[in-house]
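Asker: Got a sequence here, can you model it:
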Amino acid sequence: MYSLNRRLLVSVSVPLVVFFGITIATLDASFRSVSDRGLRDLIDAQMVALLAAAELQPSGTVAPSRALDPRLSIPGSGLYAQIREADAAVAESERVWRSASTAGAFIDFGAPVAAGQTRFGYGTLGDGTRVAIASRAISFEDVPGDARALTFSVATSLKPYERQLLTFRTEIFGWFIVLTLALLAILAVLLRWVLAPARRLEREITEVEAGARESLGAGYPRELSGVVTNLNALLSAERRRVVRYRDTLGNLAHSLKTPLAVMRAALAGGARASTSDTLNTEIDRMTGIIGHQLKRAAAAGGATLGQGAVEVAPIASDLRTALLKVHASKDLSLELAVAANALFVGDRADLTELLGNLLDNACKWCRRRVRLAAASDAGAPARQRLRILVEDDGEGIDAASRERVLERGVRDDEQVAGHGLGLAMVRDTVELYGGTLAIERSDLGGARIAVSLPGR
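Answerer: The predicted structure follows:
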């Protein structure tokens, strides 16, 4: 099952991450745009300085006449400049001036540019360093009427800008990750606080199912108060229904017991022995059926909501003492292996009747050994959490008869005393409580009755 808290957290975190991703991409694009404009402004400033300092030298070349940026004097500094004359009649050594920083850089500033034109691009040095290159062509007149076409070029290394961009991306990613985690943590705390009433409702319903409380508490928000009120009304109605059924059936039992007692007394006083025995047998059978129906009606609905838990061990111990007295003629051993935490969620009388029938049957059919084991299985469903095993070392029940012996009034051996109601009552009680019942072969040699009931 999905957690409501988890679904809300995921539904909020996904748009949040998408929003932050778009924000990061936008900021990165903006930072790169600003960096590019700053780079172009720097190159333009160097270009203007180079144009302003250019003068005709005695050697005939055009070169800066005053000091420029100190980096242009340091080889490999990352800032480079060149002045190139496009006149092919002038020797190469005379028509090109390069800054001292170009020594060993093997930088290609590109072909000359047409007069009045500018060019901006990127290049790569021999060591793989990327550079931005700007070129501008002017017509330089050293004497009136004698114009020379010169191309001024400035290049700067992109390493500082790439380093700055990497630092910016690292910091922005780091801060956004921290911010995202912080916001998700805050959202988780807020969701936990908002959904606390829902978790409380779930916890109290679980406690009601386990029998730890009879009704749900008060003080719920308006959105849940209607649900809580209706659930409490349902719990109260369920308890009143069970009490009403038991009272009605108790009155029925009281009404039937007196006529049956009168019939028995009359038969004992004046009827023939054979007729008396027959009628007494039928009256006993009627009494057993009435008792069976009373037990079934009293347990109607099985483990009711808000019902308390019953310890299995004391009931098993009391039954052991009683059955050893009832079957004192047998030299039998009745072993108990009941876990201390084995609890039955239901009516104590129902559990006593169920265990009594199972143990009584096992004592009747065993040779010398009967064993009762009970434990709670936390991984099982709530209505099948209590596991009960009753085993004996008798002849057992063959597979063909296992379904038949669960029918009311059926006995596997007619020579053994009884009405054939014990296992039928056990089956009905187990079904009413939503449990399971299975007849298997025991390691002791006889039958093993495996029952699962509500427990905790």
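Asker: buried residues in stretch 203-216?
Answerer: Buried residues in stretch 203-216, defined by neighbour count with 16 or more other C-beta atoms under 10 Å: Glu204, Val208, Glu209, Ala210, Gly211, Arg213, Ser215, Leu216. For glycine as for every other residue, the C-beta is placed from the backbone atoms N, C-alpha and C.
Asker: Of the residues you listed, which belong to strands?
Answerer: Among these, none falls in strands (DSSP state E).
Asker: quick check, nearest of those residues to Gly346?
Answerer: Nearest to Gly346 among the buried residues of stretch 203-216: Gly211, at 8.5 Å, using C-beta to C-beta.
Asker: Now intersect the buried residues of stretch 203-216 with the helices, please.
Answerer: Glu204, Val208, Glu209, Ala210 (DSSP state H).
Asker: Specify the next element, helix or strand, located C-terminal of the lowest-mean-pLDDT helix or strand in the chain.
Answerer: Among the helices and strands of the chain, helix 92-95 carries the lowest confidence by mean pLDDT, DSSP states H and E, at a mean of 52. Downstream of helix 92-95, the next assigned helix or strand under DSSP states H and E is strand 96-98.
Asker: Summarise which helices and strands that following strand is packed against.
Answerer: strand 62-64, strand 79-85 (3 or more C-beta pairs under 8 Å, 6 or more residues apart in numbering; DSSP states H and E).
Asker: and these as CSV, adding distance to Val228, mean pLDDT and mean neighbour count?
Answerer: Shown next, in CSV, are the helices and strands packed on strand 96-98 (distance: least, C-beta to C-beta, whole Å; pLDDT from 0 to 100; neighbours: other C-beta atoms under 10 Å):
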stretch, distance to Val228, mean pLDDT, mean neighbour count
strand 62-64, 88, 80, 19
strand 79-85, 76, 88, 23
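Asker: can you list those in CSV and add distance to Ile24?
Answerer: Listed next are the helices and strands packed on strand 96-98 as CSV, based on distance: least, C-beta to C-beta, whole Å:
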stretch, distance to Ile24
strand 62-64, 44
strand 79-85, 32
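Asker: So for Ser3, which of those sits nearest?
Answerer: strand 79-85 (60.3 Å).
Asker: Export only the CA atoms of stretch 118-128, formatted as PDB.
Answerer: The C-alpha coordinates for stretch 118-128 follow below in PDB (Å, rounded to 0.1, in the frame of the first residue of the first chain):
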ATOM      1  CA  THR A 118      35.900  43.600 -37.500                       C
ATOM      2  CA  ARG A 119      36.100  40.000 -36.700                       C
ATOM      3  CA  PHE A 120      35.600  38.000 -33.500                       C
ATOM      4  CA  GLY A 121      36.200  34.300 -33.100                       C
ATOM      5  CA  TYR A 122      37.900  31.500 -31.100                       C
ATOM      6  CA  GLY A 123      41.100  29.600 -31.600                       C
ATOM      7  CA  THR A 124      43.200  27.000 -30.000                       C
ATOM      8  CA  LEU A 125      46.900  27.200 -29.000                       C
ATOM      9  CA  GLY A 126      49.300  24.400 -29.400                       C
ATOM     10  CA  ASP A 127      48.900  23.200 -25.800                       C
ATOM     11  CA  GLY A 128      45.100  23.000 -26.300                       C
END
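Asker: Check what contacts that stretch and list those residues.
Answerer: Residues outside stretch 118-128 that contact it (C-beta atoms under 8 Å, 6 or more residues apart in numbering): 40, 43, 105-108, 110, 113, 130-137, 155, 158.
Asker: try stretch 15-35
Answerer: Under the contact criterion C-beta under 8 Å, 6+ apart, stretch 15-35 has outside partners Tyr161, Gln164, Leu165, Phe168, Arg169, Ile172, Phe173, Phe176, Leu179, Thr180, Leu183, Leu184.
Asker: The residue nearest to the last one when sequence neighbours are not counted and Gly379: what is the separation?
Answerer: Closest residue to Leu184 apart from its sequence neighbours, by C-beta to C-beta, 6 or more residues apart in numbering: Ser13 at 5.5 Å. Ser13 sits 32 Å away from Gly379, taking C-beta to C-beta, to the nearest Å as the criterion.
Asker: okay, the two: which has more neighbours?
Answerer: A direct count of neighbours by other C-beta atoms under 10 Å for Ser13 and Gly379 places Ser13 higher, at 15 against 5.
Asker: Could you grab the helix/strand/coil label for the more buried one?
Answerer: At Ser13 the chain is in helix, as set by DSSP: H, G, I helix; E, B strand; the rest coil.
Asker: and it, how far is that from Ile172?
Answerer: Taking C-beta to C-beta, one finds Ser13 at 19 Å from Ile172.
Asker: swap in Pro221?
Answerer: 41 Å.
Asker: Compare the two (neighbour count), which wins?
Answerer: Ile172 (15 against 11).
Asker: Backbone dihedrals for that one, please?
Answerer: Main-chain torsions, Ile172, degrees, to the nearest 10: phi -70, psi -40.
Asker: Quick one: the strands in the stretch 101-250 of the chain, in order.
Answerer: Counting by DSSP state E, counting those that start in this stretch, the stretch 101-250 of the chain has strands at residues 118-124, 130-143, 146-157.
Asker: and the contacts of stretch 15-35, which are buried?
Answerer: Among the contacts of stretch 15-35, the ones that count as buried by 16+ other C-beta under 10 Å are Tyr161, Phe176, Thr180.
Asker: Now those in JSON lines, please, with extra columns for distance to Leu56 and pLDDT.
Answerer: Rendered in JSON lines, the data for the buried ones among the contacts of stretch 15-35 read as follows (distance: C-beta to C-beta, whole Å; pLDDT from 0 to 100):
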{"residue": "Tyr161", "distance to Leu56": "35", "pLDDT": "90"}
{"residue": "Phe176", "distance to Leu56": "56", "pLDDT": "89"}
{"residue": "Thr180", "distance to Leu56": "62", "pLDDT": "87"}
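Asker: which one of the residues you listed is nearest Ala100?
Answerer: Comparing the buried ones among the contacts of stretch 15-35 against Ala100 with C-beta to C-beta places Tyr161 closest, at 23.0 Å.
Asker: Look up the closest residue to the closest one, ignoring the ones flanking it.
Answerer: In space, Tyr161 is closest to Ser35, 5.5 Å off (C-beta to C-beta, 6+ apart).
Asker: what's the angle between whichever strand or helix holds the one you found and strand 79-85?
Answerer: Using DSSP H and E, Ser35 sits in helix 4-53. Interaxial angle, helix 4-53 versus strand 79-85 (axes from the mean of the first three to the mean of the last three C-alpha atoms, to 10 degrees): 40 degrees.
Asker: Do a quick rundown of the helices in the chain.
Answerer: Assigned by DSSP H, the helices in the chain fall at 4-53, 92-95, 159-194, 196-210, 222-270, 273-298, 312-326, 348-365, 422-432.
Asker: Figure out which of these is closest to Ser77.
Answerer: Comparison of the helices of the chain against Ser77 by C-beta to C-beta identifies helix 159-194 as nearest, at 11.2 Å.
Asker: just for the stretch 151-300 of the chain, where's the confidence low?
Answerer: For the stretch 151-300 of the chain, residues meeting the criterion pLDDT under 70 lie at 244, 247-248, 250-259, 261-263, 265-279, 281-282, 285-286, 288-300.
Asker: Perfect, I'm done here.
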